[in-house]
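# Okay, sequence plus prediction incoming.
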Amino acid sequence: MNIKKQFIKSYQQKFDNFKKVIMEKPLQGWIKTIRELLGMTTVQFSKKLKISQPRLIFMEKNEKNLKLSTMEKIADELNCDFIYALVPRENINDIIYNRAKQKALEIVTKVNKNMSLENQLAEHNAILEETIEDIMSKKISKIWNED
């Protein structure tokens with residue numbers, strides 16, 4: 001197994017484990033939920049943050065629009081760790097394969113258009129799979145080119 005595949009496998013395991021432990025965001029948001037679980041009022045917490053109470057209430061309602069640095073500060077004041085992560089919705093290998101398949105389909109479709117003019121249509125599925133394998137065995141970054 002090459003280093004790139006080991007790297008992908010290692011991170012895929014981390015993503016899978018992360019998904020197992022991550023909870024859905026509470027309806028009222030993380031800030032308000034943790035603050036209330038700690039038994040802290042908006043007045044008390046706004047003083048800790050050195051902001052106005054109305055500002056804190058606004059931030060609690062709009063936490064998805066806060067800067068990462070603001071979320072880190074809030075988390076620290078709540079004695080929490082702020083975790084920022086991008087977690088792929090699908091398996092990394094599936095994302096790569098599906099993109100390679102999309103590119104291969106574009107290539108095969110183009111080839112078949114030319115061949116149909118000459119009455120020599122290629123066997124679509126077999127050619128498609130070969131093209132996918134060919135694309136994936138070469139420089140994989142090319143699958144993301146928009147051409």
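Noted; the coordinates are in hand. Given the structure is predicted, the values throughout are model-derived calculations rather than measurements. Numbers count the residues shown, from 1 in each chain.

# element containing Thr131?
When secondary structure is defined using DSSP states H and E, the element that contains Thr131 is helix 124-137.

# ah, wrong one, I meant Ile34
For Ile34, the secondary-structure element it belongs to, assigned by DSSP H and E, is helix 30-37.

# For the helix holding Thr131, what is the distance to the chain centroid?
Centroid separation for helix 124-137 versus its chain: 27 Å, with C-alpha atoms, centre = their mean, to the nearest Å.

# Stretch 136-147 now?
In terms of C-alpha atoms, centre = their mean, the gap separating the centre of stretch 136-147 from the centre of its chain is 20 Å.

# end-to-end on it?
Here the two ends of stretch 136-147 are set 17 Å apart, with distance taken as C-alpha to C-alpha, to the nearest Å.

# average pLDDT across that stretch?
Stretch 136-147 shows a mean pLDDT of 84.

# quick one: the helices in the chain?
Secondary structure of the chain by DSSP state H: the helices cover 3-21, 30-37, 42-49, 53-61, 68-77, 92-117, 124-137.

# between these, which gets nearest to Leu86?
helix 3-21 (9.2 Å; C-beta to C-beta). Glycine gets a C-beta too; all of them are placed from N, C-alpha and C.

# just to revisit the earlier point, name the helices or strands packed onto the helix holding Ile34?
Using 3 or more C-beta pairs under 8 Å, 6 or more residues apart in numbering; DSSP states H and E as the contact criterion, the elements in contact with helix 30-37 are helix 53-61.

# try 10 Å
With contacts defined as 3 or more C-beta pairs under 10 Å, 6 or more residues apart in numbering; DSSP states H and E, helix 30-37 has these neighbours: helix 42-49, helix 53-61, helix 68-77.

# contact partners of that helix?
When contacts are taken as C-beta atoms under 10 Å, 6 or more residues apart in numbering, the neighbours of helix 30-37 outside the stretch itself are 23, 25-29, 40-42, 44-45, 48, 56-57, 59-64, 66, 71, 74-75, 77-80, 82.
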